[in-house]
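In: here is a sequence with its predicted model. Questions after.
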Amino acid sequence: MYAQSIKSTGKSVQSLEEMSPEDRAFQERINRGEKIEPKDYMPEGYRKNLVRQIGQHAHSEIVGQLPEGNWITRAPTLERKANLLAKVQDEAGHGLYLYCAAETLGISRDEMFEMLHNGQMKYSSIFNYPTLTWADMGAVGWLVDGAAIMNQVPLQGTSYGPYARSMVRICKEESFHQRQGFHIMIAMAKNGTTDQHRMAQDALNRFWYPSLMMFGPSDKDSVHSAQSMAWKIKMNSNDELRQKFVDETVPQAEYLGLNIPDEHLKWNEETQHYDFSQPDWNEFNDVLAGNGPCNTERLTARQKAWNDGAWVREAMMAHANKKAAKKKATTQVAAG
Amino acid sequence: MTAGNPHLFEFLLRQGDNALVLGHRTSEWCGTAPALEEDIALANTALDLIGQTQLWLAYAADVEGAGRSNDDLAFLRDVYDFRNVLMLEVPNEDFGRTMARQFFFDAFQVPWLSALQNSSEQRVSDIAHKSLKEAQYHLERSAETVIALGDGTELSNQLMQTAVNYLWPYTGELFGEDDTDVAMHSQGIAPLPASMRKAWNDTVFSTLNEACLTAPDDPFAHTGGRNGVRHTEHLGHMLAVMQTLQRSYPGATW
């Protein structure tokens, strides 16, 4: 989802018999549904995978601030402006919890930032798409947050304690965001003017397939999922979640009077699910490779914010050190 | 009702526009602050200010009695009808100027809102009471940040001094006095802004001192914002962005 291109060790999943006694005990704890905590034993692969997954998720939250931040200064009413700002602020907060969760695995936030800025770590492909009209604020909340929730609700039960707990809080806020987005869509698509309806349809056209891509490649092409599922750091298969998303979203689009841009979309009586077209996976690979419509803008914006803020962070640190030194000197004088 | 009390309308626009314009500038930081914690804090400040805007401008719209809403006042007035002080509309430039400006404003708002709590108009008093808590928190944070950045490194001290020097000629407008101020004073609605001078000076000079920064020794003050006579060129660009949807799609509901 927000971590859609996690490459694990690539080895196939070991059976309990093949494992070392430590790894077996670890896997048995997971099988019993126990939470793994920072100081507990964990195989190196588990730790590494989690760092990548939580890191990607955290990066997605903060890069995800940018496409919505793009509209804060142009929000059409004071209330919409406050709602959007609060939403984007929540995303920064999610980033913060997730970086903290990743830090319990022995990597610092600064290290993760560096890896984001130099391209070693990724963020979700969805944030490399532009937000062109106000309706995109509706579509992002409705579809993108909607898709995120599909994946994050089960992650509340993930095996790693700090990740599971941060997910509980994040999920509450995400469902609020999704409702907020849907309300923007209602105002524009259902109750709005012809222009607003057109904007809403255009936003759905542009965000539909990128939202489907958020769940990652099809299960048959997703070679790294099995180990993550055994470790319970991935709870459902990509295709399963994508189907669930389509099934839930189609009636919502109908309610809004909008057309999903898929001529093959059809209810299947036999499977009791919608049949739908796959997104263009070549486009997905292009976006992951750095060639999405906004990859350069997003990364440059992050790098610029980080570089422009360097003097502030250095000054804050220097001031804190001076203050600590002064306090220490005062204490020593008092003690002496 | 404006006909009955045009000065009250003018006074309320000044309060609302200060919050609106500074809230807008602060919201421009979203997603690009020097650290995640600062991003969250700036968004908090902007949210408080937008909330205050809604209250002041809704009140102004009621006093005007012309059927306009707070959104109409925010999104459908042009530059010459805005009543914010000039200091709040100049660009953010960098984090240093953003925080120094916030500090200069907060150092005024805390005694000002504190005094407005005793307003003869209940609604002024209520809004001031609610906003004061926010302003106190803003002042705590902006003063701490100015001190940290002024004291931090040679570079940060230099950048903060540049920010202080740039903003200084804009601070005097906070204490302006015209017919509206006199009318508000005589009706017991608000004190004269000039009466905030001492409290502001105390906060500002002690903080700058602790921050190893100096206030320029020049009493010159730019004016023209709070009476709408002559805004800076920056405000028009801000409004062009802020009002784009309301202007492009008249009458649409969002």
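Out: Cool, the structure landed.

In: and the helix or strand hosting B:Val21 with chain A, contact?
Out: Assessed by DSSP states H and E, B:Val21 sits inside helix B:6-27. Yes. Under the criterion of C-beta under 8 Å from any C-beta of the partner chain, helix B:6-27 makes contact with chain A via B:20, B:24, B:27. Placement of C-beta: from N, CA and C, glycine included.

In: how many other residues sit next to B:Phe11?
Out: 25 (other C-beta atoms under 10 Å in any protein chain shown).

In: can you check A:Glu240 too?
Out: A:Glu240: 14 neighbours (other C-beta under 10 Å).

In: only the buried residues of the helix or strand hosting it, if you could.
Out: Element membership for A:Glu240 (DSSP H and E) is helix A:238-256. For helix A:238-256, the buried set under the neighbour-count rule, 16 or more other C-beta atoms under 10 Å in any protein chain shown, comprises A:238-239, A:241-246, A:249-250, A:253, A:256.

In: per-residue pLDDT, the closest residue to chain B within the stretch 151-300 of chain A?
Out: With C-beta to the nearest C-beta as the measure, A:Thr193 is the residue of the stretch 151-300 of chain A nearest to chain B, at 5.1 Å. We have a pLDDT of 98 for A:Thr193.

In: what do you get for B:Tyr249?
Out: 97.

In: over to the closest residue to A:Met42 other than its chain neighbours: give its phi and psi.
Out: Leaving out its chain neighbours, the residue that sits closest to A:Met42 by C-beta to C-beta, 6 or more residues apart in numbering or on different chains is A:Ile36, at 5.8 Å. Here is the backbone geometry of A:Ile36 (degrees, to the nearest 10): phi -90, psi 130.

In: would you mind putting the CA coordinates of stretch B:159-167 into PDB?
Out: The C-alpha coordinates for stretch B:159-167 follow below in PDB (Å, rounded to 0.1, in the frame of the first residue of the first chain):
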ATOM      1  CA  LEU B 159      19.700  35.400   9.500                       C
ATOM      2  CA  MET B 160      17.600  36.400  12.500                       C
ATOM      3  CA  GLN B 161      19.100  39.900  12.600                       C
ATOM      4  CA  THR B 162      18.300  40.300   8.900                       C
ATOM      5  CA  ALA B 163      14.700  39.300   9.600                       C
ATOM      6  CA  VAL B 164      14.400  41.600  12.600                       C
ATOM      7  CA  ASN B 165      15.800  44.500  10.600                       C
ATOM      8  CA  TYR B 166      13.500  43.800   7.700                       C
ATOM      9  CA  LEU B 167      10.400  43.600   9.900                       C
END
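
In: can you list the buried residues in that stretch?
Out: In stretch B:159-167, counting by 16+ other C-beta under 10 Å, buried: B:159-161, B:163-164, B:166-167.

In: ok, and which of those reach chain A?
Out: Of those, the ones that also sit near chain A (C-beta under 8 Å from any C-beta) are B:Leu159.

In: show me the buried residues of stretch B:159-167 that map onto helices.
Out: B:159-161, B:163-164, B:166-167 (DSSP state H).

In: show me where the stretch 151-300 of chain A has its helices.
Out: A:161-185, A:194-213, A:225-230, A:238-256, A:281-286, A:295-308 (DSSP state H, counting those that start in this stretch).

In: by mean pLDDT, show me the worst of these.
Out: Across the helices of the stretch 151-300 of chain A, helix A:225-230 gives the lowest mean pLDDT, at a mean of 87.

In: just checking the distance from that helix to the centre of its chain.
Out: Centroid displacement of helix A:225-230 relative to its chain, using C-alpha atoms, centre = their mean, to the nearest Å, is 19 Å.

In: what do you get for stretch A:202-219?
Out: 14 Å.

In: does chain B sit close to it?
Out: No. Shown here: stretch A:202-219 not in contact with chain B (C-beta under 8 Å from any C-beta), separated by at least 13.8 Å.

In: what's the weakest-modelled helix or strand in chain A?
Out: helix A:225-230 (a mean of 87; mean pLDDT, DSSP states H and E).

In: circling back to that earlier point, for the residues of helix B:6-27 next to chain A, which entry has the maximal number of neighbours?
Out: Busiest of those [other C-beta under 10 Å] is B:Leu20, holding 30 neighbours.

In: ok, that residue - contacts?
Out: Listed by C-beta atoms under 8 Å, 6 or more residues apart in numbering or on different chains, the contact set of B:Leu20 reads A:78, B:49-50, B:53, B:57, B:74, B:84.

In: count the neighbours of the closest residue to A:Lys304 other than its chain neighbours for me.
Out: Once flanking residues are discounted, A:Lys304 sits nearest to B:Thr32: 7.3 Å by C-beta to C-beta, 6+ apart. Using other C-beta under 10 Å, the number of residues around B:Thr32 comes to 20.

In: in the stretch 1-150 of chain A, what spans have low per-residue confidence?
Out: The stretch 1-150 of chain A contains residues with pLDDT under 70 at A:1-11.

In: which residue ranges of it form helices?
Out: A:21-31, A:44-63, A:65-72, A:78-103, A:109-117, A:135-139, A:146-155.

In: in JSON lines: these, plus distance to B:Gly150 and mean neighbour count.
Out: Listed next are those as JSON lines, based on distance: least, C-beta to C-beta, whole Å; neighbours: other C-beta atoms under 10 Å in any protein chain shown:
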{"stretch": "helix A:21-31", "distance to B:Gly150": "52", "mean neighbour count": "15"}
{"stretch": "helix A:44-63", "distance to B:Gly150": "28", "mean neighbour count": "23"}
{"stretch": "helix A:65-72", "distance to B:Gly150": "29", "mean neighbour count": "24"}
{"stretch": "helix A:78-103", "distance to B:Gly150": "26", "mean neighbour count": "22"}
{"stretch": "helix A:109-117", "distance to B:Gly150": "24", "mean neighbour count": "17"}
{"stretch": "helix A:135-139", "distance to B:Gly150": "38", "mean neighbour count": "28"}
{"stretch": "helix A:146-155", "distance to B:Gly150": "41", "mean neighbour count": "22"}
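
In: turn these into a markdown table, including distance to A:Thr300.
Out: Shown next, in a markdown table, are these (distance: least, C-beta to C-beta, whole Å):
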| stretch | distance to A:Thr300 |
| --- | --- |
| helix A:21-31 | 40 |
| helix A:44-63 | 11 |
| helix A:65-72 | 10 |
| helix A:78-103 | 18 |
| helix A:109-117 | 10 |
| helix A:135-139 | 20 |
| helix A:146-155 | 24 |
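
In: possible to save those helices as TSV with distance to chain B?
Out: Output for the helices of the stretch 1-150 of chain A, formatted as TSV (distance: least, C-beta to the nearest C-beta, whole Å):
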stretch	distance to chain B
helix A:21-31	31
helix A:44-63	7
helix A:65-72	4
helix A:78-103	4
helix A:109-117	8
helix A:135-139	10
helix A:146-155	17
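
In: and the gap between the residue nearest to A:Met42 and A:Arg47?
Out: 10 Å (C-beta to C-beta, to the nearest Å).

In: how about B:Glu64?
Out: Counting by C-beta to C-beta, the gap from B:Glu64 to A:Arg47 is 63 Å.

In: swap in A:Glu17?
Out: 23 Å.

In: for stretch B:109-127, output the C-alpha coordinates as PDB.
Out: This file holds the C-alpha atoms of stretch B:109-127, laid out as PDB (Å, rounded to 0.1, in the frame of the first residue of the first chain):
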ATOM      1  CA  GLN B 109      -1.800  40.100  20.500                       C
ATOM      2  CA  VAL B 110      -1.400  38.800  24.100                       C
ATOM      3  CA  PRO B 111      -1.800  42.100  25.900                       C
ATOM      4  CA  TRP B 112      -4.300  43.200  23.200                       C
ATOM      5  CA  LEU B 113      -6.600  40.200  23.400                       C
ATOM      6  CA  SER B 114      -6.200  40.300  27.200                       C
ATOM      7  CA  ALA B 115      -7.600  43.800  27.200                       C
ATOM      8  CA  LEU B 116     -10.300  43.000  24.700                       C
ATOM      9  CA  GLN B 117     -11.700  40.500  27.200                       C
ATOM     10  CA  ASN B 118     -13.000  43.500  29.100                       C
ATOM     11  CA  SER B 119     -14.700  44.900  26.000                       C
ATOM     12  CA  SER B 120     -18.200  46.500  26.500                       C
ATOM     13  CA  GLU B 121     -19.300  44.300  23.500                       C
ATOM     14  CA  GLN B 122     -19.900  40.800  24.800                       C
ATOM     15  CA  ARG B 123     -19.100  39.200  21.500                       C
ATOM     16  CA  VAL B 124     -15.700  40.900  21.200                       C
ATOM     17  CA  SER B 125     -14.900  39.800  24.800                       C
ATOM     18  CA  ASP B 126     -15.900  36.200  24.000                       C
ATOM     19  CA  ILE B 127     -13.800  36.000  20.800                       C
END
